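>>> just need the structure, nothing else, for what follows:
(2 chains)
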Amino acid sequence: MEILNEAKLLWKYLKKYKREVQRLAVFAMLASVLGALVPFIYGRLIDVISLQPQSFSFILALLGVWTLASVSSAFISRTVGFRGSAIGIKASNDLTCNAVSHIINLPLSFHNEKKTGEIFARIQRADRYLFQIIDDIVFWFLPHLASILFGIVILFFVEWRLAIGIVFMVLGYFAITIYKTKPLVEKQSELNKAYEFAFGNLYDALSNVRVIKSCAAEGFQTVKTERDFKKKLAKVFKNFVGLWYSLHLWQDIFYALAFVVVFGGAILLLSRGVISSGKLIMSLGYLGLVRLPLKAFGFHWKAFRTGITTIKRLEEVLASDTEDFNEEGKIIKNPQGEIEFRNVSFSYKKGKPVLKNISFVAPAGTKIALVGGSGEGKTTLVDLISLYFKPNKGKILLDGIDIRDLNLRFLRKIIAYVPQEISLFNDTVKNNIRYGKPDATDQEIIWAAKAANAHQFIESFPQKYDTLVGERGIKLSTGQKQRIAIARALIRNPKILILDEATASLDSESEKLVQQALDRLIKGRTTFIVAHRLSTIRNADKILVIQKGRIVEEGTHRELIKKKGVYWKFYSLQFRLKTIEITTK
Amino acid sequence: MAGLKVNPHFDLFLFLAVISFIIFCFMEISLLWGVVSLAGGMIILLWWIVLRTEILR
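Okay, here's the model as predicted:
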């Protein structure tokens, strides 16, 4: 049954707090019994007053019991509610943390295809709904439902005819609610998708504010956002609200009719002398007791079903396989850093190869440059070394061992990557460098910053190493960001280094500083440089020229220039451009 | 039951005795004991309410 599976899903998040949940469930039951007793007590009170008004002491005691039952019921249900909320917060935090941990462990191919904002919206909505379900339903609605049940049981002992009336009323109400909620749940998944789409785009826009501003596209973006929210989302929402309204209307009408029928029946029984006036008041009390949970049932049933639908959407992501870190894989004790590609072929999509039959050896400690136009497969080639993707054919060997047999965490630990577009966390300078080695001491951080030519400018900030760098490092210049990224790579002391042409977009002063830092970083490590400007790779030990996924030329700068092939063409083109630049200056 | 005679002040005495015990459990022992004594106390009092109203008839 679907509802059972859904309850199981919910239990998955509550299981951790099993003891507390069990204890609260007992308390909640007690509160429900106490709540359900109140109409019984005042019903009896009415009877006592009408039968023997002079029994003053008993009336007083009854009033006392009534007060005791209501006060303790209120006290216990508030305690249950309060502690239940605390469990709700803990469980929803667990959900978010698990989801984030799972998602960052998913392979890069997943992240390349999904919008960050969409994933973000999924997590956020699932988190909110899980809290709502636990807080409102598990610890509020279920105890109230128990009140209804106890109330009916008590009424059965007191006056079975009225109890049957209330049972029919409750069942009818539930039937209407369940039937009318079905389309609402279907609409909810549509609404979820619309929300994720709209927030995905919104996130995209906010993370690209610079582009929007530089293109003066604020107006265009506003129109786009309005279209997402006001048209697409609002349309789904309107349908949703319509169904919601119809559900409430049906519920209200049914309750009003059922109330009249049950109450009318009670009056009839009183007029025939079957029941006492105390029992009439009692049955009225039970009708009132049933009213609030019944009204809430519609809301909670919908919240539960729709909430679970939302959590299931996140579960879909959580069900996808995380990267296989091959924890049992080999670990090389003293890795040298020799990399060999042996007939490696790779494609992202079947039939569209990106790399074809790549073979080369990068001896430990050498500097290998990859040259070629954009989209020729240079970045893919270096991504394969970190095993972000697995080659379809052939092998990549590290010190003679196939990297697929290695422990993936070990492999990634000995590789550092300095990308062209540096992305920093919105945190302090210190923490950004520490990301490379979480257990690094302050001295190590300063050492890395000094080696990366970053210490001087960091010291010039008023808060020095505790300066916040802003979203993705927006408060720093490109050169400064690169030097922090180099420090982050240096602190890890990697064996293999991958540089995505770090000096591509710098002024000559920054370039000099970054280049110095890079030279220090490269020393003694196998380095792969994805080169865009050929002037920086003249002293590389080996240059691989890649075209359409194949290595078309291989050799040192001098050898390749002599050859007058593809590299020579690239080189002379850039050299000519540089000469033109100098003459125009 | 109808033959049972009840001292007119016994109802109040029973109520006060039970409530004092419940308060004592809540304040001096623990929440759990308080809840348990509350449950027990309520059962006693309710049984008494049913019995007493039957006697009145």
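
>>> give me the most central residue, chain A.
Chain A has residue A:123 as the residue nearest its centroid, 3.6 Å off, counting by C-alpha atoms, centre = their mean.

>>> quick one: secondary structure of it?
Under DSSP: H, G, I helix; E, B strand; the rest coil, residue A:123 falls in the helix class.

>>> tell me who's in contact with it.
Taking C-beta atoms under 8 Å, 6 or more residues apart in numbering or on different chains, we find residue A:123 in contact with A:95-96, A:99-100, A:103, A:314. The way it works is simple: take the backbone N, C-alpha and C, and place the C-beta from them, glycine included.

>>> now swap in residue B:21 and tell me
Residue B:21 makes contacts with B:37, B:41, as judged by C-beta under 8 Å, 6+ apart.

>>> 6 Å instead, please
residue B:37 (C-beta atoms under 6 Å, 6 or more residues apart in numbering or on different chains).

>>> and chain B, which residues reach chain A?
Residues of chain B lying close to chain A (C-beta under 6 Å from any C-beta of the partner chain) are B:8-9, B:11-12, B:15, B:35, B:38-39, B:45, B:49, B:52-53, B:56.

>>> nearest to residue A:556 among the residues you listed?
Checking the residues of chain B next to chain A against residue A:556 with C-beta to C-beta, the nearest one is residue B:35 at 83.4 Å.

>>> what is the strand or helix carrying the closest one packed up against?
Secondary structure assigned from DSSP states H and E places residue B:35 in helix B:31-56. With contacts taken as 3 or more C-beta pairs under 6 Å, 6 or more residues apart in numbering or on different chains; DSSP states H and E, helix B:31-56 sits against helix A:18-51, helix A:56-104, helix B:10-24.

>>> among these, which is nearest residue A:214?
Proximity to residue A:214 (C-beta to C-beta) singles out helix A:56-104 among those, at 30.5 Å.

>>> what lies in contact with whichever helix or strand comes after the closest one?
Next along the chain after helix A:56-104, taking DSSP H and E as the criterion, comes helix A:108-113. Here helix A:108-113 makes contact (C-beta under 6 Å, 6+ apart) with residue A:388.

>>> now, the most widely separated pair of the contacts of residue A:123?
A:95 and A:103 (12.1 Å).

>>> neighbour-wise, which one of the contacts of residue A:123 leads?
Of all the contacts of residue A:123, the highest neighbour tally under other C-beta atoms under 10 Å in any protein chain shown goes to residue A:314, namely 25 neighbours.

>>> the nearest residue to that one once chain neighbours are set aside: what secondary structure?
Among residues not flanking residue A:314 along the chain, residue A:126 sits closest, at 3.9 Å (C-beta to C-beta, 6 or more residues apart in numbering or on different chains). Using three-state DSSP, the structure places residue A:126 in helix.

>>> so what pLDDT did residue A:126 get?
With respect to pLDDT, residue A:126 has a value of 90.

>>> report the helix or strand with the lowest average pLDDT across chain B.
Using mean pLDDT, DSSP states H and E, the weakest-scoring helix or strand in chain B turns out to be helix B:31-56, at a mean of 82.

>>> wasn't residue A:374 part of a strand?
No - using three-state DSSP, the assignment for residue A:374 is coil, not a strand.

>>> where does it land on pLDDT?
Residue A:374 is given a pLDDT of 76.

>>> where's it relative to residue A:309, distance?
For residue A:374, the distance to residue A:309 (C-beta to C-beta, to the nearest Å) stands at 43 Å.

>>> got it, and residue A:171?
According to C-beta to C-beta, residue A:171 and residue A:309 sit 25 Å apart.

>>> looking only at neighbour counts, state which of those two leads.
Taking other C-beta under 10 Å, residue A:171 and residue A:309 do not tie; residue A:309 has more neighbours (18 against 10).

>>> could you give the number of residues near the closest residue to chain B within the stretch 251-400 of chain A?
Closest to chain B within the stretch 251-400 of chain A is residue A:278: 8.5 Å, counting by C-beta to the nearest C-beta. For residue A:278, the neighbour count with other C-beta under 10 Å is 21.

>>> the one 4 residues further on now?
Using other C-beta under 10 Å, residue A:282 has 29 other residues around it.

>>> how about the one 5 residues further on?
Applying other C-beta under 10 Å, we find 23 other residues in the vicinity of residue A:287.

>>> OK, contacts around the most centrally placed residue in chain B?
Among the residues of chain B, residue B:45 comes closest to the average C-alpha position under C-alpha atoms, centre = their mean, at 3.4 Å. Contact partners of residue B:45, counting by C-beta under 6 Å, 6+ apart, are A:65, B:18.

>>> and if we set it to 7 Å?
A:65, B:15, B:18 (C-beta atoms under 7 Å, 6 or more residues apart in numbering or on different chains).

>>> now the buried members of the residues of chain B next to chain A.
Neighbour-count burial (16 or more other C-beta atoms under 10 Å in any protein chain shown) applied to these gives B:11-12, B:15, B:35, B:38-39, B:45, B:49, B:52-53, B:56.

>>> what's the most distant pair in the residues you listed?
B:35 and B:56 (31.4 Å).

>>> just the buried positions in the helix or strand encompassing residue A:260, please.
According to DSSP H and E, residue A:260 maps onto helix A:234-271. Neighbour counts over helix A:234-271 (16+ other C-beta under 10 Å) mark A:236-237, A:240, A:243-244, A:247, A:250-251, A:254-255, A:258-259, A:262-263, A:266, A:269 as buried.

>>> what's that helix packed up against?
helix A:160-207, helix A:277-319 (3 or more C-beta pairs under 7 Å, 6 or more residues apart in numbering or on different chains; DSSP states H and E).

>>> export those to a markdown table and append columns for mean pLDDT.
As requested, the helices and strands packed on helix A:234-271 are exported to a markdown table (pLDDT from 0 to 100):
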| stretch | mean pLDDT |
| --- | --- |
| helix A:160-207 | 83 |
| helix A:277-319 | 82 |
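
>>> most packed of these?
helix A:277-319 (a mean of 20; mean count of other C-beta atoms under 10 Å in any protein chain shown).

>>> stretch A:555-569: end-to-end distance?
Start and end residues of stretch A:555-569 are separated by 15 Å (C-alpha to C-alpha, to the nearest Å).

>>> mean confidence for that stretch?
Across stretch A:555-569, pLDDT averages out at 84.

>>> so how far is that stretch from its chain's centroid?
Distance of stretch A:555-569 from its chain centroid, counting by C-alpha atoms, centre = their mean, to the nearest Å, is 49 Å.
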